[in-house]
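>>> No sequence on hand, only this structure:
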(Lines give C-alpha, C1' and ligand atoms only; values in the text may rest on other atoms or scores of the structure.)
Protein backbone atom coordinates (compact mmCIF):
# COMPACT_ATOMS: atom_id res chain seq x y z
CA UNK A 1 0.00 0.00 0.00
CA UNK A 2 1.59 3.26 -1.13
CA UNK A 3 1.83 6.08 1.43
CA UNK A 4 3.27 9.51 0.78
CA UNK A 5 5.07 11.03 3.72
CA UNK A 6 6.69 14.42 3.16
CA UNK A 7 8.01 14.51 6.75
CA UNK A 8 9.78 11.14 6.57
CA UNK A 9 7.80 9.75 9.51
CA UNK A 10 8.78 6.12 10.27
CA UNK A 11 6.43 3.55 8.73
CA UNK A 12 5.41 2.10 12.12
CA UNK A 13 4.50 5.53 13.52
CA UNK A 14 2.59 6.40 10.35
CA UNK A 15 0.51 3.23 10.66
CA UNK A 16 -0.20 3.94 14.33
CA UNK A 17 -1.32 7.52 13.69
CA UNK A 18 -3.29 6.67 10.54
CA UNK A 19 -5.35 4.00 12.26
CA UNK A 20 -5.76 5.94 15.53
CA UNK A 21 -7.64 8.83 13.90
CA UNK A 22 -11.32 8.90 14.89
CA UNK A 23 -12.37 10.19 11.47
CA UNK A 24 -12.58 7.89 8.49
CA UNK A 25 -9.75 8.49 6.01
CA UNK A 26 -9.06 7.02 2.60
CA UNK A 27 -6.72 8.04 -0.18
CA UNK A 28 -7.03 7.54 -3.92
CA UNK A 29 -4.68 7.69 -6.89
CA UNK A 30 -5.36 9.85 -9.94
CA UNK A 31 -7.69 7.12 -11.29
CA UNK A 32 -9.82 7.23 -8.11
CA UNK A 33 -8.63 3.82 -6.95
CA UNK A 34 -8.35 3.52 -3.17
CA UNK A 35 -4.74 3.29 -1.97
CA UNK A 36 -5.29 3.50 1.82
CA UNK A 37 -8.28 2.92 4.09
CA UNK A 38 -8.02 3.46 7.85
CA UNK A 39 -9.71 1.67 10.74
CA UNK A 40 -12.34 4.36 11.33
CA UNK A 41 -13.34 4.16 7.66
CA UNK A 42 -13.75 0.38 8.04
CA UNK A 43 -16.00 0.91 11.05
CA UNK A 44 -18.21 3.59 9.49
CA UNK A 45 -18.59 1.95 6.07
CA UNK A 46 -18.50 -1.63 7.35
CA UNK A 47 -16.02 -2.81 4.74
CA UNK A 48 -12.52 -4.12 5.64
CA UNK A 49 -9.52 -2.33 4.18
CA UNK A 50 -8.40 -5.35 2.17
CA UNK A 51 -11.74 -5.31 0.31
CA UNK A 52 -11.59 -1.56 -0.29
CA UNK A 53 -8.00 -1.02 -1.44
CA UNK A 54 -7.60 -1.24 -5.20
CA UNK A 55 -11.28 -0.62 -5.96
CA UNK A 56 -12.78 2.57 -7.38
CA UNK A 57 -13.88 4.79 -4.50
CA UNK A 58 -17.52 5.00 -5.69
CA UNK A 59 -17.74 1.18 -5.50
CA UNK A 60 -16.92 1.31 -1.78
CA UNK A 61 -18.04 4.77 -0.73
CA UNK A 62 -21.67 4.76 -2.01
CA UNK A 63 -22.62 8.39 -1.38
CA UNK A 64 -25.49 10.39 -2.78
CA UNK A 65 -22.97 12.82 -4.36
CA UNK A 66 -20.86 10.24 -6.20
CA UNK A 67 -22.45 10.49 -9.63
CA UNK A 68 -22.91 14.21 -10.16
CA UNK A 69 -21.47 16.22 -7.26
CA UNK A 70 -18.43 14.23 -6.15
CA UNK A 71 -16.41 16.41 -3.76
CA UNK A 72 -13.20 14.45 -4.34
CA UNK A 73 -13.53 14.71 -8.11
CA UNK A 74 -14.08 18.45 -7.82
CA UNK A 75 -10.99 18.78 -5.62
CA UNK A 76 -8.79 16.80 -8.01
CA UNK A 77 -10.01 18.76 -11.04
CA UNK A 78 -9.66 22.21 -9.44
CA UNK A 79 -6.92 21.64 -6.87
CA UNK A 80 -9.14 23.28 -4.24
CA UNK A 81 -9.94 21.49 -0.97
CA UNK A 82 -13.49 21.20 0.36
CA UNK A 83 -14.68 20.88 3.93
CA UNK A 84 -17.69 19.79 6.00
CA UNK A 85 -19.94 18.73 3.13
CA UNK A 86 -23.09 17.00 4.41
CA UNK A 87 -23.45 13.61 2.66
CA UNK A 88 -25.49 10.42 3.01
CA UNK A 89 -23.49 7.22 2.41
CA UNK A 90 -24.67 3.60 2.33
CA UNK A 91 -22.85 1.20 4.62
CA UNK A 92 -22.29 -2.52 3.99
CA UNK A 93 -25.89 -3.27 5.06
CA UNK A 94 -27.21 -0.64 2.59
CA UNK A 95 -28.33 1.54 5.48
CA UNK A 96 -27.84 5.31 5.04
CA UNK A 97 -25.28 6.95 7.34
CA UNK A 98 -25.11 10.75 7.61
CA UNK A 99 -21.54 12.01 7.43
CA UNK A 100 -19.55 15.20 6.87
CA UNK A 101 -16.82 15.05 4.23
CA UNK A 102 -13.62 17.05 3.63
CA UNK A 103 -11.26 16.52 0.69
CA UNK A 104 -7.76 17.62 -0.33
CA UNK A 105 -5.13 16.97 -3.00
CA UNK A 106 -2.13 14.71 -2.35
CA UNK A 107 1.16 15.89 -3.90
CA UNK A 108 4.66 14.38 -3.99
CA UNK A 109 7.84 16.14 -2.89
CA UNK A 110 8.07 17.91 -6.28
CA UNK A 111 4.52 19.27 -5.93
CA UNK A 112 3.02 16.95 -8.55
CA UNK A 113 -0.53 15.81 -7.87
CA UNK A 114 -0.58 12.07 -7.22
CA UNK A 115 -4.08 11.60 -5.86
CA UNK A 116 -6.46 12.80 -3.20
CA UNK A 117 -7.56 12.22 0.37
CA UNK A 118 -11.07 12.20 1.80
CA UNK A 119 -11.76 12.56 5.52
CA UNK A 120 -15.24 11.91 6.88
CA UNK A 121 -17.00 11.55 10.21
CA UNK A 122 -20.23 9.89 11.28
CA UNK A 123 -22.73 12.52 12.47
CA UNK A 124 -25.61 10.11 13.24
CA UNK A 125 -25.71 11.05 16.93
CA UNK A 126 -25.56 14.77 16.14
CA UNK A 127 -28.36 14.47 13.59
CA UNK A 128 -30.48 12.47 16.02
CA UNK A 129 -30.04 15.08 18.75
CA UNK A 130 -30.58 17.92 16.31
CA UNK A 131 -33.75 16.25 15.09
CA UNK A 132 -35.08 15.81 18.59
CA UNK A 133 -34.37 19.44 19.46
CA UNK A 134 -35.56 20.90 16.16
CA UNK A 135 -38.82 19.05 15.66
CA UNK A 136 -40.50 19.26 19.05
CA UNK A 137 -43.51 21.54 19.13
CA UNK A 138 -43.14 22.73 15.54
CA UNK A 139 -46.31 24.82 15.67
CA UNK A 140 -44.97 26.96 18.51
CA UNK A 141 -41.68 27.42 16.64
CA UNK A 142 -43.23 29.22 13.67
CA UNK A 143 -42.39 32.79 14.65
CA UNK A 144 -44.20 35.78 13.18
CA UNK A 145 -47.10 38.21 13.47
CA UNK A 146 -47.34 39.41 9.87
CA UNK A 147 -50.48 39.00 7.83
CA UNK A 148 -48.70 36.61 5.46
CA UNK A 149 -47.60 34.17 8.18
CA UNK A 150 -50.90 34.46 10.08
CA UNK A 151 -52.69 33.33 6.92
CA UNK A 152 -50.58 30.16 6.93
CA UNK A 153 -50.96 29.50 10.65
CA UNK A 154 -54.73 29.97 10.55
CA UNK A 155 -55.00 27.07 8.07
CA UNK A 156 -52.86 24.59 9.98
CA UNK A 157 -55.32 23.47 12.74
CA UNK A 158 -58.16 22.96 10.29
CA UNK A 159 -56.05 21.08 7.74
CA UNK A 160 -54.55 18.94 10.51
CA UNK A 161 -57.97 17.46 11.32
CA UNK A 162 -58.26 15.83 7.90
CA UNK A 163 -56.17 13.19 6.12
CA UNK A 164 -56.02 15.16 2.86
CA UNK A 165 -52.68 15.31 1.06
CA UNK A 166 -50.87 18.63 1.51
CA UNK A 167 -48.44 20.38 -0.83
CA UNK A 168 -46.30 23.12 0.74
CA UNK A 169 -44.56 25.35 -1.78
CA UNK A 170 -42.11 28.14 -1.10
CA UNK A 171 -38.50 29.20 -1.39
CA UNK A 172 -35.73 27.37 0.46
CA UNK A 173 -35.42 28.42 4.08
CA UNK A 174 -39.00 29.58 4.57
CA UNK A 175 -39.99 26.89 7.09
CA UNK A 176 -41.87 24.35 4.98
CA UNK A 177 -40.78 21.46 7.20
CA UNK A 178 -41.93 23.32 10.33
CA UNK A 179 -45.43 23.62 8.86
CA UNK A 180 -45.43 19.93 7.91
CA UNK A 181 -44.43 19.05 11.49
CA UNK A 182 -47.11 21.35 12.90
CA UNK A 183 -49.81 19.68 10.80
CA UNK A 184 -48.74 16.27 12.10
CA UNK A 185 -48.47 17.53 15.69
CA UNK A 186 -52.06 18.80 15.66
CA UNK A 187 -53.51 15.79 13.85
CA UNK A 188 -55.05 12.60 15.21
CA UNK A 189 -51.83 10.87 14.10
CA UNK A 190 -49.66 12.94 16.46
CA UNK A 191 -48.68 9.91 18.56
CA UNK A 192 -47.67 7.96 15.44
CA UNK A 193 -44.47 8.30 13.39
CA UNK A 194 -43.61 11.46 11.46
CA UNK A 195 -41.16 10.23 8.83
CA UNK A 196 -39.12 12.64 6.70
CA UNK A 197 -37.50 11.89 3.34
CA UNK A 198 -35.40 14.34 1.31
CA UNK A 199 -36.18 13.25 -2.24
CA UNK A 200 -33.40 15.42 -3.69
CA UNK A 201 -30.71 13.63 -1.68
CA UNK A 202 -31.09 10.21 -3.31
CA UNK A 203 -31.13 8.91 -6.91
CA UNK A 204 -34.11 6.87 -8.11
CA UNK A 205 -32.63 3.46 -7.26
CA UNK A 206 -31.83 4.43 -3.68
CA UNK A 207 -35.04 6.44 -3.25
CA UNK A 208 -37.12 3.43 -4.29
CA UNK A 209 -35.45 1.16 -1.74
CA UNK A 210 -35.64 3.92 0.88
CA UNK A 211 -39.38 4.44 0.42
CA UNK A 212 -40.52 0.88 -0.30
CA UNK A 213 -37.83 -1.15 1.46
CA UNK A 214 -36.37 -4.43 0.22
CA UNK A 215 -36.05 -8.07 1.11
CA UNK A 216 -32.92 -10.12 1.64
CA UNK A 217 -31.25 -10.96 -1.65
CA UNK A 218 -33.04 -8.26 -3.65
CA UNK A 219 -29.66 -6.99 -4.86
CA UNK A 220 -25.99 -7.37 -4.06
CA UNK A 221 -25.44 -6.26 -0.48
CA UNK A 222 -29.04 -6.79 0.65
CA UNK A 223 -28.13 -9.18 3.45
CA UNK A 224 -31.35 -8.73 5.41
CA UNK A 225 -34.90 -7.42 5.02
CA UNK A 226 -35.26 -3.69 5.47
CA UNK A 227 -38.61 -1.87 5.87
CA UNK A 228 -39.13 1.27 3.79
CA UNK A 229 -40.26 4.71 4.92
CA UNK A 230 -43.86 4.03 3.85
CA UNK A 231 -43.98 1.05 6.18
CA UNK A 232 -42.31 2.97 9.01
CA UNK A 233 -44.85 5.79 8.59
CA UNK A 234 -47.86 3.43 8.75
CA UNK A 235 -50.74 5.14 10.62
CA UNK A 236 -48.61 8.28 10.80
CA UNK A 237 -47.39 10.99 8.43
CA UNK A 238 -44.87 10.75 5.59
CA UNK A 239 -43.19 14.04 4.66
CA UNK A 240 -41.61 14.03 1.19
CA UNK A 241 -39.38 17.08 0.95
CA UNK A 242 -38.21 18.38 -2.45
CA UNK A 243 -40.84 16.29 -4.23
CA UNK A 244 -40.20 18.25 -7.44
CA UNK A 245 -36.74 16.66 -7.78
CA UNK A 246 -37.91 13.09 -8.39
CA UNK A 247 -37.66 11.81 -11.96
CA UNK A 248 -40.71 11.29 -14.22
CA UNK A 249 -40.05 7.54 -14.12
CA UNK A 250 -40.24 7.39 -10.35
CA UNK A 251 -43.27 9.72 -10.28
CA UNK A 252 -45.33 6.89 -11.84
CA UNK A 253 -44.25 4.42 -9.15
CA UNK A 254 -45.10 6.89 -6.41
CA UNK A 255 -48.50 7.63 -7.92
CA UNK A 256 -49.48 3.94 -7.85
CA UNK A 257 -48.69 3.73 -4.15
CA UNK A 258 -50.69 6.87 -3.37
CA UNK A 259 -53.71 5.73 -5.38
CA UNK A 260 -53.79 2.11 -4.20
CA UNK A 261 -52.36 2.49 -0.70
CA UNK A 262 -50.13 -0.53 -1.24
CA UNK A 263 -46.65 -1.37 -2.50
CA UNK A 264 -44.17 -4.20 -2.91
CA UNK A 265 -40.68 -4.01 -1.38
CA UNK A 266 -37.85 -4.51 -3.84
CA UNK A 267 -37.33 -8.20 -4.57
CA UNK A 268 -40.66 -9.21 -3.00
CA UNK A 269 -43.91 -10.47 -4.49
CA UNK A 270 -45.82 -9.71 -1.31
CA UNK A 271 -48.05 -6.63 -1.26
CA UNK A 272 -47.98 -4.36 1.80
CA UNK A 273 -50.93 -2.11 2.66
CA UNK A 274 -50.33 1.15 4.52
CA UNK A 275 -52.38 4.00 5.97
CA UNK A 276 -50.21 7.09 5.57
CA UNK A 277 -50.99 10.81 5.60
CA UNK A 278 -48.85 12.42 2.88
CA UNK A 279 -47.34 15.91 3.07
CA UNK A 280 -45.06 17.10 0.27
CA UNK A 281 -42.90 20.19 -0.08
CA UNK A 282 -40.90 21.81 -2.86
CA UNK A 283 -39.19 25.05 -3.76
CA UNK A 284 -39.95 24.47 -7.45
CA UNK A 285 -42.96 25.66 -9.46
CA UNK A 286 -44.75 22.34 -9.99
CA UNK A 287 -47.54 23.93 -11.99
CA UNK A 288 -45.02 25.19 -14.54
CA UNK A 289 -43.30 21.78 -14.52
CA UNK A 290 -46.65 20.16 -15.35
CA UNK A 291 -47.05 22.51 -18.32
CA UNK A 292 -43.50 21.67 -19.44
CA UNK A 293 -44.14 17.94 -19.10
CA UNK A 294 -41.47 17.32 -16.42
CA UNK A 295 -43.96 16.58 -13.64
CA UNK A 296 -46.97 14.30 -14.02
CA UNK A 297 -50.28 16.15 -13.94
CA UNK A 298 -52.11 13.28 -12.22
CA UNK A 299 -49.49 13.11 -9.46
CA UNK A 300 -49.56 16.91 -9.06
CA UNK A 301 -53.28 16.96 -8.37
CA UNK A 302 -53.00 13.87 -6.18
CA UNK A 303 -50.56 15.54 -3.79
CA UNK A 304 -52.04 19.05 -4.05
CA UNK A 305 -55.39 18.48 -2.38
CA UNK A 306 -54.62 21.26 0.11
CA UNK A 307 -51.99 23.75 -1.10
CA UNK A 308 -49.89 25.96 1.18
CA UNK A 309 -47.72 28.88 0.10
CA UNK A 310 -44.89 29.74 2.48
CA UNK A 311 -44.09 33.47 2.17
CA UNK A 312 -40.50 34.54 1.70
CA UNK A 313 -38.94 36.69 4.38
CA UNK A 314 -39.17 39.64 1.98
CA UNK A 315 -42.97 39.11 1.97
CA UNK A 316 -43.10 39.20 5.79
CA UNK A 317 -40.46 41.81 6.53
CA UNK A 318 -42.26 43.05 9.64
CA UNK A 319 -41.48 39.68 11.28
CA UNK A 320 -37.72 40.30 11.14
CA UNK A 321 -37.51 41.95 14.62
CA UNK A 322 -39.46 39.07 16.17
CA UNK A 323 -37.25 36.50 14.45
CA UNK A 324 -34.09 38.31 15.53
CA UNK A 325 -35.26 38.39 19.13
CA UNK A 326 -36.17 34.68 19.01
CA UNK A 327 -32.95 33.48 17.37
CA UNK A 328 -30.63 35.68 19.43
CA UNK A 329 -32.12 34.34 22.68
CA UNK A 330 -31.97 30.76 21.39
CA UNK A 331 -28.38 30.94 20.11
CA UNK A 332 -27.15 32.90 23.15
CA UNK A 333 -28.63 30.33 25.53
CA UNK A 334 -26.91 27.53 23.64
CA UNK A 335 -23.61 29.42 23.77
CA UNK A 336 -24.04 30.21 27.46
CA UNK A 337 -23.78 33.97 26.96
CA UNK A 338 -25.99 36.97 27.60
CA UNK A 339 -28.00 38.10 24.54
CA UNK A 340 -26.41 41.25 23.10
CA UNK A 341 -28.25 44.37 21.99
CA UNK A 342 -28.29 45.67 18.43
CA UNK A 343 -27.54 49.27 17.46
CA UNK A 344 -30.14 51.09 15.34
CA UNK A 345 -27.80 51.04 12.33
CA UNK A 346 -27.29 47.29 12.68
CA UNK A 347 -31.04 46.71 12.91
CA UNK A 348 -31.56 48.88 9.86
CA UNK A 349 -29.13 46.75 7.85
CA UNK A 350 -30.79 43.54 9.05
CA UNK A 351 -34.24 44.90 8.27
CA UNK A 352 -33.26 46.18 4.84
CA UNK A 353 -31.48 43.09 3.49
CA UNK A 354 -33.43 41.00 0.95
CA UNK A 355 -32.53 37.52 2.38
CA UNK A 356 -32.38 35.19 -0.64
CA UNK A 357 -31.98 32.34 1.88
CA UNK A 358 -34.99 33.57 3.89
CA UNK A 359 -35.38 32.70 7.60
CA UNK A 360 -32.58 30.12 7.46
CA UNK A 361 -30.17 32.77 6.17
CA UNK A 362 -31.23 35.23 8.89
CA UNK A 363 -30.55 32.61 11.55
CA UNK A 364 -27.15 31.77 10.04
CA UNK A 365 -26.20 35.46 9.95
CA UNK A 366 -27.16 35.90 13.61
CA UNK A 367 -25.25 32.78 14.63
CA UNK A 368 -22.16 34.05 12.83
CA UNK A 369 -22.52 37.44 14.52
CA UNK A 370 -22.81 35.91 17.99
CA UNK A 371 -19.80 33.67 17.40
CA UNK A 372 -17.51 36.43 16.11
CA UNK A 373 -18.70 39.46 18.12
CA UNK A 374 -18.35 39.34 21.91
CA UNK A 375 -19.50 42.85 22.79
CA UNK A 376 -22.71 43.84 24.54
CA UNK A 377 -23.95 45.70 21.44
CA UNK A 378 -23.72 44.41 17.87
CA UNK A 379 -22.47 47.13 15.55
CA UNK A 380 -22.64 47.11 11.71
CA UNK A 381 -19.00 46.04 11.45
CA UNK A 382 -19.97 42.64 12.89
CA UNK A 383 -22.31 41.90 9.97
CA UNK A 384 -21.21 39.97 6.85
CA UNK A 385 -20.36 42.01 3.78
CA UNK A 386 -23.42 41.01 1.76
CA UNK A 387 -25.63 43.14 4.02
CA UNK A 388 -23.89 46.33 2.93
CA UNK A 389 -25.44 48.15 -0.01
CA UNK A 390 -26.91 51.52 -1.07
CA UNK A 391 -29.32 51.68 1.86
CA UNK A 392 -30.57 55.25 1.69
CA UNK A 393 -33.08 54.93 -1.14
CA UNK A 394 -34.42 58.35 -2.01
CA UNK A 395 -37.81 58.99 -0.45
CA UNK A 396 -37.70 55.79 1.56
CA UNK A 397 -35.47 55.73 4.63
CA UNK A 398 -34.87 59.48 4.83
CA UNK A 399 -38.55 60.26 4.52
CA UNK A 400 -40.03 57.45 6.60
CA UNK A 401 -37.49 56.20 9.13
CA UNK A 402 -36.86 58.11 12.34
CA UNK A 403 -34.27 57.50 15.03
CA UNK A 404 -37.14 56.64 17.38
CA UNK A 405 -38.44 53.93 15.06
CA UNK A 406 -34.95 52.53 14.56
CA UNK A 407 -34.38 52.50 18.32
CA UNK A 408 -37.66 50.63 18.80
CA UNK A 409 -36.51 48.16 16.19
CA UNK A 410 -33.21 47.71 18.04
CA UNK A 411 -35.11 46.92 21.23
CA UNK A 412 -37.04 44.15 19.48
CA UNK A 413 -40.33 46.00 19.06
CA UNK A 414 -42.45 45.32 15.98
CA UNK A 415 -41.09 47.59 13.28
CA UNK A 416 -42.84 50.80 12.32
CA UNK A 417 -40.76 50.97 9.16
CA UNK A 418 -42.61 50.51 5.86
CA UNK A 419 -41.50 47.64 3.65
CA UNK A 420 -39.00 48.70 0.96
CA UNK A 421 -40.10 48.96 -2.67
CA UNK A 422 -40.40 45.59 -4.41
CA UNK A 423 -37.77 46.55 -6.98
CA UNK A 424 -35.19 47.49 -4.32
CA UNK A 425 -32.30 45.10 -3.82
CA UNK A 426 -28.84 45.80 -2.34
CA UNK A 427 -26.13 46.08 -5.01
CA UNK A 428 -22.62 44.79 -5.03
CA UNK A 429 -20.42 45.82 -2.09
CA UNK A 430 -17.87 47.42 -4.42
CA UNK A 431 -20.54 49.63 -5.99
CA UNK A 432 -21.88 50.60 -2.55
CA UNK A 433 -18.36 51.45 -1.37
CA UNK A 434 -17.67 53.66 -4.39
CA UNK A 435 -21.01 55.42 -4.01
CA UNK A 436 -20.36 56.13 -0.33
CA UNK A 437 -16.91 57.55 -1.13
CA UNK A 438 -18.28 59.73 -3.92
CA UNK A 439 -21.10 61.00 -1.70
CA UNK A 440 -18.51 61.88 0.95
CA UNK A 441 -16.25 63.60 -1.63
CA UNK A 442 -13.76 60.79 -0.94
CA UNK A 443 -13.44 61.77 2.71
CA UNK A 444 -12.68 58.43 4.32
CA UNK A 445 -13.82 59.45 7.80
CA UNK A 446 -17.24 60.50 6.50
CA UNK A 447 -17.57 57.45 4.22
CA UNK A 448 -16.67 55.04 7.03
CA UNK A 449 -19.19 56.75 9.33
CA UNK A 450 -21.96 56.48 6.73
CA UNK A 451 -21.19 52.82 6.09
CA UNK A 452 -21.02 52.07 9.82
CA UNK A 453 -17.52 50.56 9.59
CA UNK A 454 -14.08 51.47 10.86
CA UNK A 455 -11.53 53.40 8.80
CA UNK A 456 -9.30 50.32 8.79
CA UNK A 457 -12.10 48.19 7.32
CA UNK A 458 -12.86 50.93 4.79
CA UNK A 459 -9.21 51.10 3.70
CA UNK A 460 -8.99 47.31 3.41
CA UNK A 461 -12.10 47.21 1.18
CA UNK A 462 -10.83 50.13 -0.94
CA UNK A 463 -7.63 48.18 -1.62
CA UNK A 464 -9.62 45.01 -2.32
CA UNK A 465 -11.75 46.73 -4.99
CA UNK A 466 -8.99 48.88 -6.45
CA UNK A 467 -10.32 52.16 -5.03
CA UNK A 468 -7.23 53.07 -2.96
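Structure's in. What do you need? Given the structure is predicted, the values throughout are model-derived calculations rather than measurements.
>>> Every contact and neighbour count from this point should use C-alpha atoms.
Noted.
>>> Am I right that residue 104 falls within a helix?
No. According to DSSP: H, G, I helix; E, B strand; the rest coil, residue 104 belongs to no helix; its state is strand.
>>> how many other residues sit next to it?
Per other C-alpha atoms under 10 Å, the neighbour tally for residue 104 reads 21.
>>> measure the nearest residue to it once chain neighbours are set aside to residue 29 for me?
Sequence neighbours aside, residue 81 is the residue nearest to residue 104 in space, at 4.5 Å (criterion: C-alpha to C-alpha, 6 or more residues apart in numbering). Residue 81 is 16 Å from residue 29, where distance means C-alpha to C-alpha, to the nearest Å.
>>> Model confidence for the nearest residue to residue 91 once chain neighbours are set aside, exactly?
Using C-alpha to C-alpha, 6+ apart and skipping residues adjacent in sequence, the residue nearest residue 91 is residue 45, 4.6 Å away. Looking at residue 45, its pLDDT is 88.
>>> list the contacts for residue 45?
Taking C-alpha atoms under 8 Å, 6 or more residues apart in numbering as the contact definition, residue 45 lies against 61, 90, 91, 92.
>>> Now for the third one: which residues touch it?
In this structure, residue 91 makes contact with 44, 45, 46, 47, 62, 97, judged by C-alpha under 8 Å, 6+ apart.
>>> can you do 10 Å?
Residues touching residue 91, when contacts are defined by C-alpha atoms under 10 Å, 6 or more residues apart in numbering, comprise 42, 43, 44, 45, 46, 47, 60, 61, 62, 63, 97, 221.
>>> The fifth one touches residue 40, doesn't it?
Right, the one you point to is residue 46. Yes. At 9.5 Å, residue 46 and residue 40 qualify as touching, with contact defined as C-alpha atoms under 10 Å.
>>> The two: which is more packed in?
When residue 46 and residue 40 are compared on other C-alpha under 10 Å, the one with more neighbours turns out to be residue 40, at 21 against 16.
>>> State the three-state secondary structure for that one.
Three-state call for residue 40 (three-state DSSP): helix.
>>> If we ignore the residues flanking it in sequence, what's nearest it?
Nearest residue to residue 40 in three dimensions, chain neighbours excluded: residue 24, at 4.5 Å (C-alpha to C-alpha, 6+ apart).
>>> Who is that neighbour paired with across the strands?
Beta-bridge pairing for residue 24 (DSSP bridges): residue 120.
>>> Would you mind measuring from it to residue 86?
For residue 24, the distance to residue 86 under the criterion C-alpha to C-alpha works out to 14 Å.
>>> And these two? Which one has more around it.
Neighbours around residue 24 and residue 86, counted as other C-alpha under 10 Å, are more numerous at residue 24. The numbers are 24 against 14.
>>> give the contact list for that one.
By C-alpha under 10 Å, 6+ apart, the neighbours of residue 24 are 18, 37-45, 99, 101, 118-122.
>>> before we move on, back to that, tell me which of the contacts of residue 45 fall in strands.
When DSSP state E defines the strands, the subset of the contacts of residue 45 inside them is residue 90.
>>> Grab the two from the contacts of residue 45 that are most spread out in space.
Pairwise distances among the contacts of residue 45 were taken by C-alpha to C-alpha; the largest, 9.7 Å, belongs to 61 and 92.
>>> where do the contact lists of the two overlap?
Jointly contacting residue 61 and residue 92 under the rule C-alpha under 10 Å, 6+ apart are 45, 47.
>>> buried subset of the contacts of residue 24?
Judged by neighbour count, with 16 or more other C-alpha atoms under 10 Å as the criterion, the buried members of these are 18, 37-42, 44-45, 99, 101, 118-122.
>>> hmm, which two among those are most spread apart?
The distance between the two most remote of the buried ones among the contacts of residue 24 (C-alpha to C-alpha) is 19.3 Å, for 18 and 99.
>>> about what we covered before: hmm, the residue nearest to residue 104 is touching residue 119, no?
No. Distance between residue 81 and residue 119: 11.2 Å, which falls outside the contact criterion (C-alpha under 10 Å).
>>> re the thing from before, of the buried ones among the contacts of residue 24, closest to residue 174?
Relative to residue 174, and with distances defined as C-alpha to C-alpha, the nearest of the buried ones among the contacts of residue 24 is residue 99, at 24.9 Å.
>>> so where does the closest one fall, helix or strand?
Assessed by DSSP states H and E, residue 99 sits inside strand 96-107.
>>> tell me what that strand is packed against?
Helices and strands in packing contact with strand 96-107 are listed as strand 24-28, helix 39-45, strand 62-63, helix 71-78, strand 82-90, strand 113-122, helix 124-134; criterion 3 or more C-alpha pairs under 10 Å, 6 or more residues apart in numbering; DSSP states H and E.
>>> For the closest residue to residue 313 other than its chain neighbours, report the pLDDT, please.
Excluding the flanking residues, the one nearest residue 313 by C-alpha to C-alpha, 6+ apart is residue 358, at 5.1 Å. As predicted, residue 358 sits at a pLDDT of 93.
>>> in the chain, what spans have low per-residue confidence?
Judged against pLDDT under 70, the low-scoring parts of the chain cover residues 1-14, 125-141, 388-430, 450-457, 460, 463-464, 468.
>>> Any figure for the gap between residue 231 and residue 435?
Applying C-alpha to C-alpha, the value for residue 231 to residue 435 is 60 Å.
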